[in-house]
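Asker: structure for this input, please:
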Amino acid sequence: MRIAVLPLALAAARLAAQDTTAARDTAVLVPTVVTVTRVPLELSRAPFAVSVAGRTEIQRGRPGFALDEALAGIPGVQVDNRFNYALGERISIRGMGARAQFGVRGVRVLLDGIPMTLADGQSSLNNVDVSSVARAEVIRGPASALHGNAAGGVIQLATDHPLQITDRPFGAELRSTAGAHGLRRYQSTFAGRAPGGAAAYSLALARLSFDGYRQWNNARNDHATLRVHSERERAAFGFTANVVDYDGQNPGGMSTAMLAANRDSAFANNTRFRTGEAGTQAQIGATWHRRFAGSGGFELSAHGLRREIDNPIPQRIVVIDRNAGGMRAALSGETQVAARPLRVTAGTELQLQHDDRRNFVNDDGARGADTLNQMERVRNSAVFAQATLDAAPNVLLLAGARYDRIHFAAADRLVNAGNPDDSGERGMAAVSPSVGVTWNATRRADLYANFSTSFETPTTSELANQESGAGGLNPALEPQRTRSMEVGLNGRMLAGGVAGSYQLALYDARISDALIPFEVAAVPGRQYFRNAGSTRHRGVEAGARLVLPAHLSLRASYTHVDARFVRYATASDTFDGKRVPGVASNRADAVLSWQPWTLFVDFETRISSDILVNDANTDASPGYVTHDLRLGARDIAAGRASIAPHIGVMNLLDRAYNTSVVVNAFGGRYFEPGPPRSVYGGLTVRF
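Answerer: Numbering: from 1, shown residues only. Purely as a prediction, here's the structure:
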């Protein structure tokens, strides 16, 4: 598609020119309130490493591929966008979550208050349309006391709140994007308020299609999301429903020799076995919040999910019919301790997951004989409590604890004379405490420290995939547990025409029974899991946001992670002291923006050190530097509508790099190449 609207947009923007420097300088210093901490806190007062990204950073001029766009530039967060919709992006925080070959592990994800993370700790993000995300809040580091199983970090995403989109009975926004490698994205959003203004709705419909830059790399995603919200003087009710239907091909990892021969190719077995994933998912959620007179309130939420997956992998076809859901109830209030305010929240949470799992022989893409047929059930029940105390005018104390009990059960339905009954049960439980303190050292600087923990079980897929080929649940696989200590600084500045904020965090996390993926020669491309004895993750994170003179602004971050095995031995090797694979030791991101009038130009740079790809540290994906360029205009008046055109170039200098790795892949097929230079453009029309 030719993008011919940019010159017109530039001319129109000049006519609408206005000086926004003062407003931008002031906006930087407005306190940001975060809710990912479970108790609303000003960002500067939170005794955790918390980062926030807003609509402009997430959406402006971007193609809407994956969550790396929403989380770009957040220190400590590594998002490997494989451009492979059969597997999804890999997300790790401080090196936790890097083991995932598909979906997200070790990181808890919420969307509009609904958990995307299931009872067993796995998160499938196919139903998250990044082009609709308007806000992202991230806790970096263990947070099981706040959020439970798999909370090595927490990502809370939110779409536009219906009451904040429009104050009229009806409004609409239409977007279209087209670009290289067959990229096509169409999105329509409709919203309105009921008479009286206390209730509102929004409906978003989207389709993405992508031919991919590799062979066997096509994808299609269709999304629909409905949000309804009603708010009265002391009560609020919200309802969300989303549906996704998707189909993606998986070209597989590549070896060094394959990369040298043709970076666009697919692994022959992946083409032969027609690997990929097709699925549908429908999810609903409702929240009700009643505020008490004075302070505090009661919150009740519930959600349900239905998911059907058809997942051909080399030599197997995995079919899962999943039903899942849960509820959360929390009571909060405020009292006084020595004339200082104490806020307390306590409650309970329940999540259920029922997976009807069948494996078939993959007969060149067709279903062959049954190899596994079992019903898997997971129940995660928890109780939690959290308190914050203003111990002094400039000191905030936070303490929390949570008890989780997770029960796994598998009922084997493929039993015969040559295949014994592998039914079984596993129970896992933990108490996860956390404590933190924030000291407002000066008017523009807050110091904090915390001790926090996480508890992360293997997922049902990891428990069910046994190297022996047996059904049931792996009896040897244990949960991994993390203890972390952290100190940090949140600061603000306003001097010499420069306004902004900055963050600095240092941490030391010890992980016992770390979950590690591996492959075997008999079934290349299929991952199994085992526990390492222990690992240690230490690091430094820094981030800054600056508003500069001459309509310039800068957002930059740096991350250093030293993740190593402390004690890890297999039957044939010892890996003590080796670096944990899949984690970049050093990463830096920066976006320099120029925003004169209604125009914008964003120049983004991403730097990554090498990423080791196996436990023995004998091979690595080389480090790289890439640049992206985005430019366009915002809200140009066109009668009763406004238009916002944009154009962008990914990988501006056409660097050959690997966007992700497959940890411990058999045959040296560790590497997933990134896209070459890619141009795209689009137009948004708002009514």
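
Asker: rest of the way, CA atoms for contacts and neighbours
Answerer: Noted.

Asker: ok, which stretches of the stretch 51-200 of the chain are strands?
Answerer: For the stretch 51-200 of the chain, the strands defined by DSSP state E, counting those that start in this stretch occupy 77-80, 90-93, 108-111, 114-115, 133-140, 153-159, 171-179, 183-193, 199-210.

Asker: now those strands in CSV, with mean neighbour count, distance to V50 and mean pLDDT?
Answerer: Below are those laid out as CSV (neighbours: other Cα atoms under 10 Å; distance: least, Cα to Cα, whole Å; pLDDT from 0 to 100):
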stretch, mean neighbour count, distance to V50, mean pLDDT
strand 77-80, 23, 11, 94
strand 90-93, 25, 12, 92
strand 108-111, 24, 14, 94
strand 114-115, 24, 19, 92
strand 133-140, 23, 5, 95
strand 153-159, 23, 9, 94
strand 171-179, 19, 31, 95
strand 183-193, 21, 30, 95
strand 199-210, 21, 28, 96
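
Asker: to Y246, which of those strands lies closest?
Answerer: strand 199-210 (9.4 Å; Cα to Cα).

Asker: okay, the very next helix or strand once past that closest one in PDB with CA atoms only?
Answerer: Next along the chain after strand 199-210, taking DSSP states H and E as the criterion, comes strand 219-231. What follows is strand 219-231, C-alpha atoms only, in PDB (Å, rounded to 0.1, in the frame of the first residue of the first chain):
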ATOM      1  CA  ALA A 219      -0.200 -15.600  10.600                       C
ATOM      2  CA  ARG A 220      -3.700 -14.300  11.100                       C
ATOM      3  CA  ASN A 221      -5.200 -12.900  14.300                       C
ATOM      4  CA  ASP A 222      -8.800 -11.700  14.700                       C
ATOM      5  CA  HIS A 223      -9.700  -9.900  18.000                       C
ATOM      6  CA  ALA A 224     -12.900  -8.500  19.500                       C
ATOM      7  CA  THR A 225     -13.100  -6.800  22.900                       C
ATOM      8  CA  LEU A 226     -16.200  -5.300  24.600                       C
ATOM      9  CA  ARG A 227     -15.900  -3.200  27.800                       C
ATOM     10  CA  VAL A 228     -18.800  -1.800  29.800                       C
ATOM     11  CA  HIS A 229     -18.400   0.300  32.900                       C
ATOM     12  CA  SER A 230     -20.800   2.000  35.300                       C
ATOM     13  CA  GLU A 231     -19.800   4.200  38.100                       C
END
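
Asker: picking up where we left off before, so which of the strands of the stretch 51-200 of the chain is nearest D635?
Answerer: Closest among these, using Cα to Cα: strand 171-179, at 11.7 Å.

Asker: could you give the angle of that closest one to strand 199-210?
Answerer: Per axes from the mean of the first three to the mean of the last three Cα atoms, to 10 degrees, the angle that strand 171-179 makes with strand 199-210 is 10 degrees.

Asker: same for strand 171-179, what does it pack against?
Answerer: Packed against strand 171-179 by the contact rule (3 or more Cα pairs under 8 Å, 6 or more residues apart in numbering; DSSP states H and E) you find strand 183-193, strand 678-686.

Asker: could I get those strands as JSON lines with distance to A70?
Answerer: Below are those laid out as JSON lines (distance: least, Cα to Cα, whole Å):
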{"stretch": "strand 183-193", "distance to A70": "17"}
{"stretch": "strand 678-686", "distance to A70": "18"}
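
Asker: surely D167 meets A198?
Answerer: No - here D167 does not reach A198: they are 10.2 Å apart, not a contact under Cα atoms under 8 Å.

Asker: returning to that earlier point: tabulate the strands of the stretch 51-200 of the chain (JSON lines), appending distance to S593.
Answerer: JSON lines is the format used below for the strands of the stretch 51-200 of the chain (distance: least, Cα to Cα, whole Å):
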{"stretch": "strand 77-80", "distance to S593": "22"}
{"stretch": "strand 90-93", "distance to S593": "26"}
{"stretch": "strand 108-111", "distance to S593": "28"}
{"stretch": "strand 114-115", "distance to S593": "33"}
{"stretch": "strand 133-140", "distance to S593": "19"}
{"stretch": "strand 153-159", "distance to S593": "24"}
{"stretch": "strand 171-179", "distance to S593": "21"}
{"stretch": "strand 183-193", "distance to S593": "25"}
{"stretch": "strand 199-210", "distance to S593": "27"}
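
Asker: tell me which of the ones you listed sits nearest to A391.
Answerer: Among the strands of the stretch 51-200 of the chain, strand 133-140 sits nearest to A391 (Cα to Cα), with 23.3 Å.

Asker: tell me how far that closest one lies from the chain's centre.
Answerer: Strand 133-140 has its C-alpha centroid displaced from the chain centroid by 9 Å (Cα atoms, centre = their mean, to the nearest Å).
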